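model this:
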Amino acid sequence: MDHSISEIAAALGAKALGAVDIRVSGVAEPAMAGPEHLAMAMKPAFAEQLSAGRARAAMLWEGADWQAMGLEAAITAPRPRFAMAGLSAMMDRGQGYKPGISPAALIDPHAQIGRNVTVGALAVISAGAVIGDGSVIGPQCFIGCDAVLGENAYLREGVRIGARVRIGARFIAQPGAVIGGDGFSFVTPEESAVERVRDTLGDAGEAKGQSYARIHSLGSVTIGDDVEIGANSCIDCGTVRDTAVGNGVKIDNLAQIGHNVVIGNDVLVCAQVGIAGSSRIGNNVVLGGQTGVSDNVFVGDNAITGGATKVLANVPAGRVMLGYPAMKMDSHIEVYKALRKLPRLLRDVAALKKAVSNGDATE
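Numbers count the residues shown, from 1 in each chain. A predicted model of the protein is given here:
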């Protein structure tokens with residue numbers, strides 16, 4: 001499938017310049033682009049690489065001198081990276097799933113399948129499940145009993161959705177995502193060493209081995225509209241109430257959302273983030289890669305955590321946090337700078353002690 005420069009610009013609400021009837025069938029980095037590609041030269045540094053390729057047209061920033069770059073046509077936008085979101089949707093060739101329901105799929109007769117739904121080979125859809133119109137259920141997916149999936153869902157290979165999970169419209173799940181596994185919740189007959197440490201902040205008391213009893217997850221998971229979950233990420237069921245994820249949340253690969261967690265709207269959860277049970281995440285929060293959020297804490301609206309931040313206490317709205325334990329980013333940077341100076345400071349202190357000691361000896 002190919003598109004003319006004018007067609008692409010019109011679809012993106014961008015500006016088409018030059019020979020707008022040129023047709024392209026894909027996108028490429030500037031140095032690797034051929035005549036059939038639209039080169040992605042959205043910054044001056046990228047545009048410098050155009051001479052190494054053979055592109056006739058490129059996506060550029062607003063006001064770029066495309067003719068001086070040797071191009072025959074260009075698409076310009078005030079925010080090219082945002083325009084790329086629409087462009088990538090136009091150019092996405094998909095996974096090649098055949099439309100319709102595969103004869104190798106197993107669908108319970110009591111499941112409700114909407115109109116224009118695609119179900120891949122070896123997918124299983126359980127009794128009482130509801131699949132919204134226009135959804136794509138990839139091969140080897142599993143949909144549990146009474147689960148509800150909104151319209152235009154897109155599940156890649158091997159996605160697992162547990163019983164009674166409720167998901168809104170336009171949900172996307174990457175391969176291996178698991179929604180609705182039981183929460184990690186166990187209890188000992190008597191107070192455990194871990195509980196004692198939390199109460200005393202360090203004293204575990206006399207060690208006593210105990211076996212763990214399992215607390216079953218009686219809740220499920222509720223997810224809003226326009227949510228995406230990355231490959232091999234997991235969202236656990238709630239213990240009594242549902243674990244809840246708001247609208248517009250985007251979760252990267254290998255993230256873990258624990259039982260009873262509540263996540264607000266338009267939150268970004270980057271790769272390898274772990275959110276422990278019963279924590280609450282506000283709206284428009286960004287959790288950088290490998291952020292860890294302890295249990296039963298609150299992260300306020302618009303807060304941001306840097307990579308590998310460990311949140312052990314509540315975070316106010318709008319706060320930017322970094323480090324372990326998490327602290328305001330500017331404070332953490334100041335502490336880090338001081339830490340780097342610590343060896344020199346210790347050498348200076350040792351030299352001063354030696355000088356004072358020698359002075360005492362002389363007297």
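
and the closest residue to Ala213 other than its chain neighbours, what does it touch?
Among residues not flanking Ala213 along the chain, Val187 sits closest, at 5.4 Å (CB to CB, 6 or more residues apart in numbering). C-beta coordinates here come from the backbone N, C-alpha and C atoms, glycine included. Contact partners of Val187, counting by CB atoms under 8 Å, 6 or more residues apart in numbering, are 212-213, 215.

how about Val187, phi and psi?
Main-chain dihedrals, Val187, degrees, to the nearest 10: phi -140, psi 150.

one step back: narrow the contacts of Val187 to just the buried residues.
Buried by 16 or more other CB atoms under 10 Å: nothing, out of the contacts of Val187.

and of the residues you listed, the nearest to Ala129?
Nearest to Ala129 among the contacts of Val187 is Ile215, at 26.2 Å by CB to CB.

confidence score at the residue lying closest to the closest one once chain neighbours are set aside?
Leaving aside its sequence neighbours, Ile215 sits nearest to Ser185 (CB to CB, 6+ apart; 4.1 Å). We have a pLDDT of 95 for Ser185.

How about Gly202?
81.

and it, how many neighbours?
By other CB atoms under 10 Å, 8 other residues sit near Gly202.

Give me the distance between it and Arg196.
Distance, Gly202 to Arg196, using CB to CB, to the nearest Å: 10 Å.

quick one: low-confidence parts of this structure?
Residue ranges of the chain with pLDDT under 70: 207, 359-363.

what does the domain assignment say about it?
Here the domain parsing of the chain from automatic domain parsing is 3-91, 328-362.

got a list of what the closest residue to Pro99 other than its chain neighbours touches?
The shortest distance from Pro99 to any non-neighbouring residue, by CB to CB, 6+ apart, is to Thr118 (5.3 Å). Applying CB under 8 Å, 6+ apart to Thr118 gives the contacts 97-101, 135-137.

Over to Val335?
323, 327.

Can you classify it as helix, strand or coil?
Taken by DSSP: H, G, I helix; E, B strand; the rest coil, the conformation at Val335 corresponds to helix.

For it, give its distance to Gly158.
Distance from Val335 to Gly158, by CB to CB: 43 Å.

Repeat that for Ile125.
14 Å.

can you check Asn283 too?
Distance from Asn283 to Gly158, counting by CB to CB: 31 Å.
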